[in-house]
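S.K.: coordinates for the following, if possible.
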Amino acid sequence: MLGGILLLTVLCAAWVGVRGFLAYGHLTNARAAAADATSVLSDPALAPRLISDVSSATSAARDLTSDVVWSAAEHLPWVGPQLAAVSSVAQAADDVASQALAPLSSVASSFSVDSIRPKDGAIDLAPFANLEDAARKSASGLGAANANVAAIDTAPLLGPVREAVAEFGELLAQAYTAADALKRTAILLPPMLGADEPRDYLVVFQNNAEWRSLGGIVGAMALIHTDHGQISLVTQASASSDFRAYGEPVVPLTDEERRLFGSQPATYAQNVTQIPDFTRGAAIIQEMWQRNTGTTIDGVLSLDPVALSYVLDATGPVSLSTGETLTSENAVQLLLNEVYLKYEDPAVQDAFFASVASTVFEKISSGDLKPAAFVSALGRAGAEHRLMLWNSDEDEQAVLDGTTLQGAYSTPDADTTDFGLFLNDATGAKLDYYAQVDTEIAWCSAQEAGLTVTLRNGAPADAASFPSYMTANGNYGVDPGDLKTVAYIYLPEDSTLLSSEATGTGRSPGLGGGTDAGRQVLTWTTTLSPGQEMTLDVRVKTPSMNPIVIQTTPTIHAQSAPALAPSCSSPE
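M.R.: A predicted model of the protein is given here:
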């Protein structure tokens, strides 16, 4: 009897082992093929090939990990969780291949990424009708699979199994994010392009050479009119020369906002990006535009020169009327630095920026671009908080809920410890092109999180000799060449400040602060001469939740993950 039981046990173990080995091989093949999933979701025409490559492998893996013997073994100690995890991954992978991507495959023949290419200044809206329903279904299927894998308890898993689950989970999360973005695009793009009625959108260009919380001051503007897919540039304006300063805020500010930011965000067009919430700033610029022109706009689109450089990867070089050639490589330097050195008259600068906007618009509206690269550029800009969108229609704006395109500072996840760092120039200059910021975040103990911020003035030693428009010439009480910065540091929700210490070669009067939406905010003002830097170390007591993240003002430098503070370690 005992021998029979032992023999049966050995046979079951062998059965599970062989099937597990075969399933692993099929999943590896599926994973390699699925590496193109995000590109498929950007271009549904590629879906049939992907499904063909992936579905047979995932189906085989699912069959191998779902029989009675395997299911029973999942209840065993130690080995059971490993088998259950493999089975869950196989099921999720097969659901994605056989169900979630199928709707996109069905519309592949009628829609491709090339459908967004303008022709004679218009985008054909017809293909979006079928795409919306397919994208909704695919996003729903991928969302369910993503949730199932995310729910796997990885604590009891062996290292290789845990790593495999994490890798597949990351791939699945990326695919879901892409499908979700495609769904939102299919919902929003037709009405924004005037499918039902004409629309007017204001495009604002943020200038990262003079920091504001969301990137930079508002500089050039362009009014875009859409009607049944037809896109036209109506007029252009400059925030500095075409908008007056208002004596009172054009929209009501909360008491918290007034204490932290003053009245400037709602009295000066350049400062609407000072509040780290584009849904606030966009509504303010909408009111300012209406008062200034008599036109009520339907929404606001914001981007910066770094985002424009990504777009130029898709359009190729653009020849300007001034004789310069704008490329993805020189756009940031030309627009945020060289223009001020070359053209000292602000009126000439405004004309230059207007020329850039109209020329790039003409290039895009003509369809002279690579559609896939254009989609990739917009996606990258959105992920880096360089591209933001606001719709005055509440239902349409709600489609963007939870995305970076809203430009609203909020906790990305209830189980996340998040800091915010938002930088604002107080020099009145254009020297933040040379400014540098580094951040470090980490857990210092089980309930103590740390943030370290270092600001540096990287301008050359002779920066005081730059044109007065670049240095502000001391008009705001700052010596030419120096940089004065006000940083708003948002502490994690439900946290308590334990300590703060500023060190360095610059000057700082200490910390101020207030609250915003119930969150404690520290204000840190620094003044740095060329070559000087200052560092602020902040420690807070906060519930222990991973991951720990930070959202920062997008500067001219590519965004990167903050470093781990060397004096801290991950919580137990």
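
S.K.: in the stretch 51-200 of the chain, which spans are strands?
M.R.: With DSSP state E, counting those that start in this stretch as the criterion, the stretch 51-200 of the chain has strands at 199-207.

S.K.: low-confidence stretches in this protein?
M.R.: 1-76, 78-90, 92-98, 100, 108-111, 157-158, 160-161, 165, 410-414, 558-572 (pLDDT under 70).

S.K.: show me the domain layout of it.
M.R.: Domains of the chain are assigned by automatic domain parsing as 2-192, 199-398, 411-564.

S.K.: could the ones you listed go into TSV alongside mean neighbour count and distance to residue 404?
M.R.: Backbone N, C-alpha and C define where each C-beta goes, glycine included. As requested, the domains of the chain are exported to TSV (neighbours: other Cβ atoms under 10 Å; distance: least, Cβ to Cβ, whole Å):
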stretch	mean neighbour count	distance to residue 404
domain 2-192	18	10
domain 199-398	19	5
domain 411-564	18	9
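
S.K.: including distance to residue 405, could those go into a markdown table?
M.R.: Below are those laid out as a markdown table (distance: least, Cβ to Cβ, whole Å):
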| stretch | distance to residue 405 |
| --- | --- |
| domain 2-192 | 8 |
| domain 199-398 | 5 |
| domain 411-564 | 13 |
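
S.K.: which residues does residue 497 contact?
M.R.: 491, 520, 522, 538, 539, 540 (Cβ atoms under 8 Å, 6 or more residues apart in numbering).

S.K.: and of those, the nearest to residue 382?
M.R.: Closest approach to residue 382 among the contacts of residue 497 (Cβ to Cβ): residue 491, at 26.1 Å.

S.K.: where does that closest one fall, phi/psi-wise?
M.R.: phi -80, psi 160 (degrees, to the nearest 10).

S.K.: wouldn't it be in contact with residue 518 here?
M.R.: No. Look at residue 491 against residue 518 with Cβ atoms under 8 Å: they stay out of range, at 11.1 Å.

S.K.: is residue 497 in a helix, a strand, or coil?
M.R.: Classification of residue 497 using DSSP: H, G, I helix; E, B strand; the rest coil returns strand.

S.K.: point to the residue nearest the middle of this protein.
M.R.: residue 383 (2.2 Å; Cα atoms, centre = their mean).

S.K.: surely it meets residue 405?
M.R.: No. Between residue 383 and residue 405 there is no contact under Cβ under 8 Å: 9.7 Å.

S.K.: so how far does stretch 320-329 reach from one end to the other?
M.R.: Stretch 320-329 has an end-to-end distance of 15 Å (Cα to Cα, to the nearest Å).

S.K.: quick one: contacts of it?
M.R.: Residues contacting stretch 320-329 (Cβ under 8 Å, 6+ apart): 309-310, 312-313, 317-319, 334, 352, 355-356, 359-360.

S.K.: so which of these sit within helices?
M.R.: Of the contacts of stretch 320-329, the ones assigned to helices by DSSP state H are 309, 310, 312, 313, 352, 355, 356, 359, 360.

S.K.: what are the ranges of the helices in the stretch 51-200 of the chain?
M.R.: 68-73, 79-95, 102-106, 127-150, 159-192 (DSSP state H, counting those that start in this stretch).

S.K.: list the helices and strands the fourth one packs on?
M.R.: Spelled out, that is helix 127-150. helix 79-95, helix 102-106, helix 159-192 (3 or more Cβ pairs under 8 Å, 6 or more residues apart in numbering; DSSP states H and E).

S.K.: now do the shortest one: distance to the chain's middle.
M.R.: Yep, that's helix 102-106 we're talking about. Relative to its chain's centre, helix 102-106 lies at 27 Å (Cα atoms, centre = their mean, to the nearest Å).

S.K.: now for that helix, which elements pack on it?
M.R.: Applying 3+ Cβ pairs under 8 Å, 6+ apart, one finds that helix 102-106 contacts helix 47-64, helix 127-150.

S.K.: taking helix 159-192 as reference, get the angle to the last one.
M.R.: Orientation note: helix 127-150 sits at an angle of 150 degrees relative to helix 159-192 (axes from the mean of the first three to the mean of the last three Cα atoms, to 10 degrees).

S.K.: using CSV, write down the CA coordinates of helix 127-150.
M.R.: The C-alpha trace of helix 127-150 is given here as CSV (Å, rounded to 0.1, in the frame of the first residue of the first chain):
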residue,chain,number,x,y,z
PRO,A,127,-11.9,54.9,-38.9
PHE,A,128,-12.2,55.9,-35.2
ALA,A,129,-15.9,54.8,-35.0
ASN,A,130,-14.9,51.1,-35.1
LEU,A,131,-11.7,51.6,-33.2
GLU,A,132,-13.4,52.9,-30.1
ASP,A,133,-15.5,49.8,-29.4
ALA,A,134,-12.5,47.5,-30.1
ALA,A,135,-10.2,49.5,-27.9
ARG,A,136,-12.7,49.5,-25.1
LYS,A,137,-13.0,45.7,-25.2
SER,A,138,-9.2,45.2,-25.4
ALA,A,139,-8.5,47.6,-22.6
SER,A,140,-11.1,45.8,-20.4
GLY,A,141,-9.6,42.4,-21.1
LEU,A,142,-6.1,43.5,-20.5
GLY,A,143,-7.1,45.3,-17.4
ALA,A,144,-8.7,42.1,-16.0
ALA,A,145,-5.6,40.1,-16.8
ASN,A,146,-3.3,42.8,-15.3
ALA,A,147,-5.4,42.7,-12.1
ASN,A,148,-5.2,38.9,-11.9
VAL,A,149,-1.4,38.9,-12.2
ALA,A,150,-1.0,41.8,-9.8
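
S.K.: when you give positions from now on, start the count at 446
M.R.: Taking 446 as the first residue, the last one we looked at is helix 572-595.

S.K.: so how far is it off the chain centroid?
M.R.: Distance of helix 572-595 from the chain centroid (Cα atoms, centre = their mean) equals 21 Å.
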